[in-house]
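Undergrad: the following comprises the amino acid sequence and a computationally predicted model.
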Amino acid sequence: MARNNYYNQGDAYSEWHRALKNDLRYVDIDSCGICNKCKQPIYLAETTFDVGQAWKATTATEWLARAAGIPSFLIFYKVENGEVVRLRVKQLTPEKDRKEVVLEPQAWVQAMELLQERHNLVCKKRDQ
């Protein structure tokens, strides 16, 4: 978790933790996609408002995704009139050197559905 909040005020715990005068750090997991049947995580994502930046720190998200054996993503999202209108998505794990892609929101929905379909092949509760 960044020591300073640059965009808006977070929840009470986040703001309390940021104010601590020590070297304790934490990150919040922005998105953890889960199976709708067995509730197993199927991907992790670090998200951020798209203001034209090229990167965001993703070290912990990548580490957790590798440990869990699931993919992870960095998602920059553009908002207009209160709606997400565009996403820049880069897969972080298992292969970090993939190129960033610009997607319409519906294309990201299709990608998440594909992740669920792939999980369904091994889901222990898929037939329930």
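TA: Everything's here; your move.
Undergrad: please make it C-alpha for all contacts and neighbour counts, starting now.
TA: Noted.
Undergrad: can you point out the buried residues in the strand or helix carrying Gln106?
TA: Secondary structure assignment for Gln106, by DSSP states H and E: helix 105-120. Across helix 105-120, burial judged by 16 or more other CA atoms under 10 Å covers 105, 108, 112, 115-116, 119-120.
Undergrad: can you add distance to Asp28 and pLDDT and give those residues back as TSV?
TA: Formatted as TSV, the buried residues of helix 105-120 follow (distance: CA to CA, whole Å; pLDDT from 0 to 100):
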residue	distance to Asp28	pLDDT
Pro105	23	98
Trp108	21	98
Met112	20	97
Leu115	22	97
Gln116	23	96
His119	24	96
Asn120	27	96
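Undergrad: so what does the helix holding Gln106 touch, helix or strand wise?
TA: strand 41-49, strand 83-93 (3 or more CA pairs under 8 Å, 6 or more residues apart in numbering; DSSP states H and E).
Undergrad: ok, now with 7 Å
TA: Packing partners of helix 105-120 (3 or more CA pairs under 7 Å, 6 or more residues apart in numbering; DSSP states H and E): strand 83-93.
Undergrad: alright, I will stop here.
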